[in-house]
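Asks: Give me coordinates for this.
(one chain, ligands or ions: 2)
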Amino acid sequence: MIRLENIRKAYDAATSGAVLKGLSVSIEAAEFVAILGRSGSGKTTLLNIIGGLDRDYEGEAVVLGKSLRTLSDKEMSAFRNHTISFVFQSFNLMPHLTCRENVAFPDFFRKGSRAGDARALAQKAMERVGIIHKADSYPNRLSGGERQRVAIARAIFQKPAILLADEPTGNLDTKSSQHIMDLFLELKREDNMSVILVTHDEELAARADRIIRIVDGLVAGDGGGQ
Ligand SMILES: Nc1ncnc2c1ncn2[C@@H]1O[C@H](COP(=O)(O)OP(=O)(O)OP(=O)(O)O)[C@@H](O)[C@H]1O
Ligand SMILES: [Mg+2]
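Replies: Numbers count the residues shown, from 1 in each chain. Ligands and ions are numbered 1, 2, ... in the order given. A predicted model of the protein is given here:
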């Protein structure tokens, strides 16, 4: 599903050296992986490479059989649209759009998309994550946990095979964090999504199938969660 081989990444080799120093890891379909590591250890860098946002690296990154670096920009965005979605700590919702519009928004940029289809898909995604009752509210009227549900609905709108979540509970209290974790586990179990969750929270990470620890640009630990 995802195969990283000997990934080396330096933002500015001259001044700061490599962030990822020959990292290799493979992740299977419907696997829930938590990535732990200190601030600055390269977690976001790693997600950006898996998600095809960063193609300036050495080594091989293969996602669903495609070597990411060989794709043109156009091929990459087409590939990403149907396979990979991101969820962020800061939700990244647009304040002047309702939740429903936020969820359907990425669809505006897809070729051949139809408004009616987008509406139906948005409806489904919001039902799926339990936020349909807020569909016509604006994000600033929602709690953090609710906002993150909207962001997750947007992310699963196109039923991606892979969900990449970078500190998605970083702005949430413990209870909301656990609920978001419940939701991710459900998406993995029921929709066969591969979920890769970056977190600082050991307790949340323990609920994943597998915990990968990044230290100094390399995998320092790789084992089972609960
Ligand atoms: N665009 C960039 N340009 C230059 N250096 C960068 C850039 N992005 C990240 N870095 C550096 O690369 C290293 C790894 O950053 P990264 O964001 O991957 O860490 P992280 O593990 O996600 O940290 P955090 O837990 O704080 O989010 C850091 O030293 C950071 O300063
Ligand atoms: Mg980060």
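Asks: can we go C-alpha only for contacts and neighbour counts from here?
Replies: Noted.
Asks: Low-confidence stretches in this structure?
Replies: 225-226 (pLDDT under 70).
Asks: Helix, strand, or coil at the most centrally placed residue in the chain?
Replies: A centroid search over the chain (CA atoms, centre = their mean) returns residue 164, at 1.6 Å, as the residue closest to the centre. Here residue 164 is recorded as strand under DSSP: H, G, I helix; E, B strand; the rest coil.
Asks: Specify the beta-bridge partners of it.
Replies: residue 86, residue 196 (DSSP bridges).
Asks: Next one: it from ligand 1, what distance?
Replies: The gap separating residue 164 from ligand 1 is 13 Å, by CA to the nearest ligand atom, to the nearest Å.
Asks: Just want to check the distance between that residue and residue 156.
Replies: As judged by CA to CA, to the nearest Å, residue 164 and residue 156 stand 11 Å apart.
Asks: Spell out which residues are contacts of both of these two.
Replies: Contact with both residue 164 and residue 156 is made by residues residue 85, according to CA atoms under 8 Å, 6 or more residues apart in numbering.
Asks: Identify all contacting residues around the helix or strand hosting residue 213.
Replies: In this assignment (DSSP states H and E), residue 213 forms part of strand 210-215. Here strand 210-215 makes contact (CA under 8 Å, 6+ apart) with 31-38, 41-43, 205, 219-225.
Asks: the helices in the chain, which residues?
Replies: 13-16, 43-50, 73-83, 99-104, 115-128, 144-156, 174-191, 202-205 (DSSP state H).
Asks: As JSON lines, these with distance to ligand 1 and mean neighbour count would be great.
Replies: Output for those, formatted as JSON lines (distance: least, CA to the nearest ligand atom, whole Å; neighbours: other CA atoms under 10 Å):
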{"stretch": "helix 13-16", "distance to ligand 1": "8", "mean neighbour count": "9"}
{"stretch": "helix 43-50", "distance to ligand 1": "4", "mean neighbour count": "20"}
{"stretch": "helix 73-83", "distance to ligand 1": "19", "mean neighbour count": "15"}
{"stretch": "helix 99-104", "distance to ligand 1": "25", "mean neighbour count": "25"}
{"stretch": "helix 115-128", "distance to ligand 1": "28", "mean neighbour count": "18"}
{"stretch": "helix 144-156", "distance to ligand 1": "18", "mean neighbour count": "26"}
{"stretch": "helix 174-191", "distance to ligand 1": "17", "mean neighbour count": "17"}
{"stretch": "helix 202-205", "distance to ligand 1": "13", "mean neighbour count": "17"}
